[in-house]
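**Student:** Just need the structure, nothing else, for what follows:
(4 chains)
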There are 2 protein chains.
Amino acid sequence: MVETEAAAPTRRDRKKQQTRAALMAAALRLVDERGLDHVTVEDISEAADVSPRTFFNYFATKDDALLGGPLPHGPSMHDRLLAVPSGVALVPALLEAISADIAEIQDQRDFWLLRLRVIKDNPSLVSMLVARGECAEAETIVAVAARTGLPADDLFPQLAATLTGAAFRTAMMRWATAGDGRDLLDLVREAFAVLAEGLARSAPPAPTHDATPAPTHEKVLR
Amino acid sequence: MVETEAAAPTRRDRKKQQTRAALMAAALRLVDERGLDHVTVEDISEAADVSPRTFFNYFATKDDALLGGPLPHGPSMHDRLLAVPSGVALVPALLEAISADIAEIQDQRDFWLLRLRVIKDNPSLVSMLVARGECAEAETIVAVAARTGLPADDLFPQLAATLTGAAFRTAMMRWATAGDGRDLLDLVREAFAVLAEGLARSAPPAPTHDATPAPTHEKVLR
DNA sequence: GTAAAAGTTTGCAGCGGCTGCAAGTACGGC
DNA sequence: GCCGTACTTGCAGCCGCTGCAAACTTTTAC
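**Tutor:** Purely as a prediction, here's the structure:
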């Protein structure tokens, strides 16, 4: 319902947007209540007051209605990453490139918390989330290759892209799951710090027999 | 009483194993030839000479026949990781824990190359590969938490698990894709070195405009 | 050796996801 | 008001997948 942008959308466009939002909302609500397997496309479309056939005019898949909104990493990861001044190191540049997405998620906090809860409760959706990220990862590979001067089929750019995606996803899930009210941006920063510095330097120094939960060595970024 | 499969499997078990293998082989071959969407369960079961209904006695899903074999990370990631002496640092321990899987993959080289090619050519399968890895990741989280003394709901163990999975997957895909005959173990080692040392130390030092593709060796982390 | 038990395969009926096609209906421009 | 365009809808149909019950096969027990 919320129209952030409205240059000059005709009434038709408004209705479309409305229908789309209604379908997504209905899908999220119903699946949250009953679980993915106990909600049919018919249920969703009925709740949104359109025909089942119309559902598939908006989403290719039932799952799409749950993840299919304007996704983070949407427009062009490639361009955004290359837009960061080349003096900036790789990881900060990656962080910068996704910062817009993070902000958007924080903006629609409740919506995303619901969405992520639904994803967490229905594991088959997690893989779809990954799949979504992958098109962005393909662009990231190219951009990282360009920034580093490595060939795109080298292991490093591919690693950088997949690891970045995994770190971002982990931070998001952690954000959505934990009770503490930690900032998403904060969590992403922490995750990216580990990415940059490596697991070896980010873990507590292997407490051989020590039972004390060593202080998280992450002061590096707090 | 448990293992020693080849020792005393009844005739029935042998036939089952045979059927299972036939179905997997048929599925891989047909999908490799025609693409996932142009192969039906009926095609597969016909090629394996069983009824379509029987297919679903063996695999829950069409995709399962493509990924569903004995998967790496199979038995218990948790136990394997904790079996590594606690003196060993985290990343080498993780590497050690999956080394058996790597060896097995190398053993069945051709089979896995086919499987990974099929996965690469049918993107929807990639996400399923991730999903498979996730049950292993859950165990990894617990084990890493135990090793580091951190609580299991801390960001770090979760990051370590997902990043490890991502790094392993990336190395596998790279192994299957590249023409060079690089060892899988070698690639995984390189990927894990990046994991341990971090992207910041593993990337070439941000060549502002340098065109020379710096050597890729993991020795970069001096 | 035979009969019961246990396990497997198969056909059948049916739901639900998803698609192409061919109306029907609302909208926007004129 | 009229027309072209865009969106909606119903319909027919394929395919993935499941439960059920009737064969059929192997194993076990007597």
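**Student:** which residues are in contact with the helix or strand where residue A:21 lies?
**Tutor:** Assigning secondary structure by DSSP states H and E places residue A:21 in helix A:11-34. When contacts are defined by C-beta atoms under 8 Å, 6 or more residues apart in numbering or on different chains, helix A:11-34 is touched by residues A:1, A:3, A:9, A:39, A:43-45, A:47-50, A:54-55, A:58-59, A:62, A:65-66, A:68-69, A:114-115, A:117-118, A:121-122. C-betas here are computed from N, CA, C, even on glycine.
**Student:** Now list the buried members of these.
**Tutor:** Using 16 or more other C-beta atoms under 10 Å in any protein chain shown as the burial test, those include A:39, A:43-45, A:47-48, A:50, A:55, A:58-59, A:62, A:65-66, A:68-69, A:114-115, A:118, A:122 as buried.
**Student:** which ones among those residues come in contact with DNA strand D?
**Tutor:** When these are checked against DNA strand D using C-beta under 7 Å from any atom of the strand, the ones in range are A:50, A:58.
**Student:** Point out the other helices and strands that the top helix by length along chain A packs with.
**Tutor:** Assignment by DSSP state H gives helix A:123-148 as the longest helix of chain A. Contact partners of helix A:123-148 among helices and strands, from 3 or more C-beta pairs under 8 Å, 6 or more residues apart in numbering or on different chains; DSSP states H and E: helix A:64-67, helix A:77-83, helix A:90-107, helix A:109-121, helix A:155-177, helix B:123-148.
**Student:** so how far is the second one off the chain centroid?
**Tutor:** Right, helix A:77-83. Using C-alpha atoms, centre = their mean, to the nearest Å, the distance from the centre of helix A:77-83 to the centre of the chain it belongs to is 17 Å.
**Student:** Restricting to C-alpha, output it in CSV.
**Tutor:** Only the C-alpha atoms of helix A:77-83 are listed here, as CSV (Å, rounded to 0.1, in the frame of the first residue of the first chain):
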residue,chain,number,x,y,z
MET,A,77,25.6,-5.0,-7.8
HIS,A,78,28.2,-4.7,-10.5
ASP,A,79,27.7,-1.0,-11.0
ARG,A,80,27.4,-0.2,-7.4
LEU,A,81,30.6,-2.0,-6.5
LEU,A,82,32.5,-0.3,-9.2
ALA,A,83,31.1,3.1,-8.2
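**Student:** any low-confidence regions in chain A?
**Tutor:** Residues of chain A meeting the criterion pLDDT under 70: A:1-8, A:69-75, A:204-222.
**Student:** Let me know which of the helices and strands packed on helix A:123-148 is tucked in deepest.
**Tutor:** Most buried of those, by mean neighbour count (mean count of other C-beta atoms under 10 Å in any protein chain shown): helix A:155-177, with a mean of 24.
**Student:** what residues does the following helix or strand past the helix holding residue A:21 touch?
**Tutor:** For helix A:11-34, the succeeding helix or strand toward the C-terminus, using DSSP H and E, is helix A:41-47. By C-beta under 8 Å, 6+ apart, the surrounding residues in contact with helix A:41-47 are A:23, A:26, A:27, A:29, A:30, A:51, A:52, A:54, A:55, A:56, A:62, A:65.
**Student:** One more pass at 6 Å, please.
**Tutor:** By C-beta atoms under 6 Å, 6 or more residues apart in numbering or on different chains, the residues outside helix A:41-47 that reach it are A:26, A:27, A:30, A:52, A:55, A:62.
**Student:** so what secondary structure elements neighbour the helix or strand following it?
**Tutor:** With elements assigned by DSSP H and E, the helix or strand that comes after helix A:41-47 is helix A:52-58. Secondary structure elements in contact with helix A:52-58, counted by 3 or more C-beta pairs under 6 Å, 6 or more residues apart in numbering or on different chains; DSSP states H and E, are helix A:41-47.
**Student:** next one: the helix it packs on to chain centre, how far?
**Tutor:** The answer for helix A:41-47 is 26 Å, by C-alpha atoms, centre = their mean.
**Student:** try stretch A:195-204
**Tutor:** Averaged C-alpha coordinates place stretch A:195-204 at 23 Å from its chain's average position (C-alpha atoms, centre = their mean).
**Student:** So chain A: which segments form each domain?
**Tutor:** Recorded structural domains for chain A (assignment: automatic domain parsing) are A:11-62, A:77-200.
**Student:** distance between the longest one and the chain's centre?
**Tutor:** Relative to the mean C-alpha coordinate of its chain, domain A:77-200 is positioned 7 Å out (C-alpha atoms, centre = their mean).
**Student:** thinking again about what came up before, put together a markdown table for the domains of chain A, with distance to residue B:84 on each row.
**Tutor:** Written out in a markdown table, the entries for the domains of chain A read as follows (distance: least, C-beta to C-beta, whole Å):
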| stretch | distance to residue B:84 |
| --- | --- |
| domain A:11-62 | 38 |
| domain A:77-200 | 15 |
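**Student:** who touches stretch A:87-105?
**Tutor:** Stretch A:87-105 is touched from outside by A:72, A:80-81, A:84, A:112, A:164, A:184-185, A:188, A:192, A:195-196, B:199-200, B:203, with contacts defined as C-beta under 6 Å, 6+ apart.
**Student:** which among the residues you listed gets closest to residue A:35?
**Tutor:** Of all those, the one with the least separation from residue A:35 (C-beta to C-beta) is residue A:112, at 19.7 Å.
**Student:** Enumerate every residue touching the closest one.
**Tutor:** For residue A:112, the set of contacting residues under the criterion of C-beta under 6 Å, 6+ apart consists of residue A:105.
**Student:** That one and chain B, how far apart?
**Tutor:** In this structure, residue A:112 and chain B are 18 Å apart, going by C-beta to the nearest C-beta, to the nearest Å.
**Student:** do the longest helix of chain A and DNA strand C meet at all?
**Tutor:** No - looking at helix A:123-148 against DNA strand C by C-beta under 7 Å from any atom of the strand, there are no contacts, and the closest approach is 10.3 Å.
**Student:** Any idea how far apart the tips of stretch A:49-62 sit?
**Tutor:** Here the two ends of stretch A:49-62 are set 16 Å apart, with distance taken as C-alpha to C-alpha, to the nearest Å.
**Student:** Can that stretch be said to contact DNA strand C?
**Tutor:** Yes - shown here: stretch A:49-62 in contact with DNA strand C (C-beta under 7 Å from any atom of the strand) through A:53, A:56, A:60, A:61, A:62.
**Student:** And for that stretch, what's in contact with it?
**Tutor:** By C-beta under 6 Å, 6+ apart, the list of residues contacting stretch A:49-62 reads A:20, A:23, A:41, A:42, A:45, A:65, A:68.
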